[in-house]
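Engineer: The sequence and its predicted three-dimensional model are supplied below.
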Amino acid sequence: MVDRVIPLVEQRYGVLQAPFNSQPIAPSGQLLDQRARPLRDLRISVTDRCNFRCSYCMPKDVFDKDYPYLPHKALLSFEEIARLARLFTQHGVRKFRLTGGEPLLRKDLDQLVAQLAALRTPEGDAMDITLTTNGSLLRRKARLLKDAGLKRVTVSLDGLDDATFRRMNDVDFPVADVLDGIEAAREAGLSDIKVNMVVKRSTNVDQILPMAQHFRGTGVTLRFIEYMDVGATNGWCMDEVLPSAEVVKLLNAEMPLVQLEPTAVGETAKRWGYAGSDGQHQPSLGEIGVISSVTQAFCGDCNRARLSTEGRLYLCLFADKGWDLRELLRNGADDATISNAIAHIWGQRDDRYSEIRSSLPPDTAQGRKRVEMSYIGG
């Protein structure tokens with residue numbers, strides 16, 4: 001049996017209790033960190049389990065049949081998640097993304113979606129609720145989730161060639177079933193469907209063009225993600241990273257692209273639209289996105305926080321420490337105390353790992369312990 005791989009330095013509330021109590025911060029809907037970045041997006045992991053074993057996330061040699069997953073009692077209940085989510089909205093969060101592991105493995109997830117959908121911003125607006133999934137269970141659950149209040153979905157898919165896809169997910173899962181899940185999401189009425197493709201130089205570069213050709217003109221936005229040094233188990237090395245600029249160059253040679261303006265501050269993907277015969281973006285053909293956290297860091301306007309499945313709050317995908325909000329929830333803290341804790345945690349944030357990665361000594365950048373992506377979501 002391997003040791004549990006969730007590398008982090010835990011900083012419990014008891015250590016921070018004095019400053020929280022001595023400097024109360026009332027919710028104002030605009031919570032800024034040390035770099036004046038507002039809190040807008042909360043990513044909520046609902047399980048640390050997944051039915052895939054993708055090498056860049058949950059490699060089988062680590063996450064084997066003996067891996068000690070969290071017991072159910074350690075997970076936040078849906079009511080605990082909803083309570084925290086309500087407090088985050090008071091500090092400016094406007095979007096919830098449900099992640100995992102594979103979030104659709106969490107039983108009765110539609111009940112959590114319904115609780116989140118019932119929340120409103122201080123201005124009375126509904127929350128933007130989306131979910132990232134590997135698509136394997138979407139055919140069964142898409143309509144139920146849509147009816148509960150889910151608005152959008154992002155599906156992870158790393159290639160159309162069945163042999164390549166089965167090799168990457170490492171559980172022999174067929175690509176046809178993921179494509180069927182995407183179709184189920186469309187049939188259920190989920191809007192703005194996105195497909196995320198992690199590009200690894202030695203594995204699936206030959207799938208870039210087929211993926212673009214398949215989704216072009218379908219209304220599904222394909223996004224290419226640089227292979228990232230997340231966690232400590234995926235064997236990351238820079239040689240395996242295909243820069244997004246090369247992806248765009250490859251696509252542009254076959255299907256001319258036009259760069260588009262971002263749709264929102266803090267957007268992770270740079271947008272490129274397919275051009276028509278006049279050289280202008282033709283909306284009916286759709287667009288692609290590239291997420292370049294290795295070669296073109298976007299820390300400067302990052303507005304995302306991450307809540308782990310057992311209630312620890314992380315301020316960066318590459319974090320090596322988290323704050324235990326579950327302890328507050330289960331030890332009787334009132335809303336004001338928890339809200340104040342959230343405010344102080346975000347207020348001291350100055351994370352910018354992707355910006356400084358290249359300046360760090362190799363043993364620091366590559367050997368540094370970080371929380372696993374499968375534990376806090378992407």
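Structural biologist: Great, that's in hand. Numbers count the residues shown, from 1 in each chain.
Engineer: List the contacts of the residue nearest to Gln213 when sequence neighbours are not counted.
Structural biologist: Among residues not flanking Gln213 along the chain, Met255 sits closest, at 7.6 Å (CB to CB, 6 or more residues apart in numbering). From N, CA and C alone the C-beta is placed, and that goes for glycine too. By CB atoms under 8 Å, 6 or more residues apart in numbering, the contact list for Met255 reads Ala212, Gln213, Arg216, Tyr274.
Engineer: and the residues you listed, which are buried?
Structural biologist: Ala212, Arg216, Tyr274 (16 or more other CB atoms under 10 Å).
Engineer: quick one: the second one and Tyr274 touch, right?
Structural biologist: Yes. Assessed by CB atoms under 8 Å, Arg216 is found in contact with Tyr274 at 6.0 Å.
Engineer: Name the residues contacting each of the two.
Structural biologist: Contacts common to Arg216 and Tyr274, judged by CB under 8 Å, 6+ apart, are Met255, Leu285, Gly286.
Engineer: so which of the residues you listed comes closest to Glu261?
Structural biologist: Gly286 (15.8 Å; CB to CB).
Engineer: where does Gly101 fall, phi/psi-wise?
Structural biologist: phi 30, psi -160 (degrees, to the nearest 10).
Engineer: residues contacting it?
Structural biologist: So Gly101 contacts Ser45, Val46, Thr47, Asp48, Arg49, Cys50, Thr309, Ser374, Tyr375, Gly377 (CB under 8 Å, 6+ apart).
Engineer: ok, now Glu310?
Structural biologist: Taking CB under 8 Å, 6+ apart, one finds Leu70, Ala74, Leu75, Leu76, Arg326 in contact with Glu310.
Engineer: cutoff 6 Å now
Structural biologist: Leu70, Ala74, Leu75, Arg326 (CB atoms under 6 Å, 6 or more residues apart in numbering).
Engineer: nearest to Glu240, of those?
Structural biologist: For those, the nearest to Glu240 is Leu70 (29.5 Å; CB to CB).
Engineer: How about the closest one: what's its closest non-neighbour residue?
Structural biologist: Asp48 (5.3 Å).
Engineer: What is the neighbour count of that neighbour?
Structural biologist: Asp48 is flanked by 26 other residues according to other CB atoms under 10 Å.
Engineer: Give the helix, strand or coil label for it.
Structural biologist: coil (DSSP: H, G, I helix; E, B strand; the rest coil).
Engineer: Only alpha carbons, please: show stretch 347-354 as PDB.
Structural biologist: Provided in PDB are the C-alpha atoms of stretch 347-354 (Å, rounded to 0.1, in the frame of the first residue of the first chain):
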ATOM      1  CA  GLY A 347      -6.900  38.800   2.000                       C
ATOM      2  CA  GLN A 348      -3.400  37.400   2.700                       C
ATOM      3  CA  ARG A 349      -3.200  35.600  -0.700                       C
ATOM      4  CA  ASP A 350      -0.300  36.500  -2.900                       C
ATOM      5  CA  ASP A 351       0.100  33.200  -4.900                       C
ATOM      6  CA  ARG A 352       1.700  33.400  -8.300                       C
ATOM      7  CA  TYR A 353       3.500  30.100  -8.900                       C
ATOM      8  CA  SER A 354       3.100  30.000 -12.700                       C
END
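Engineer: From Lys151, how far off is the residue in the chain sticking out farthest from the centre?
Structural biologist: Within the chain, the residue lying farthest from the chain centre (CA atoms, centre = their mean) is Asp278, at 36.1 Å. Asp278 sits 33 Å away from Lys151 when distances are taken as CB to CB, to the nearest Å.
Engineer: Can you show me the strands along the stretch 101-250 of the chain?
Structural biologist: All strands of the stretch 101-250 of the chain, identified by DSSP state E, counting those that start in this stretch, fall at 128-133, 152-156, 191-199, 221-226.
Engineer: if we can go back for a sec, give me the subset of the contacts of Glu310 that lies in helices.
Structural biologist: Those of the contacts of Glu310 mapping onto helices are Arg326, per DSSP state H.
Engineer: Quick one: buried ones out of the contacts of Glu310?
Structural biologist: Buried among the contacts of Glu310 by 16+ other CB under 10 Å: Leu70, Leu75, Arg326.
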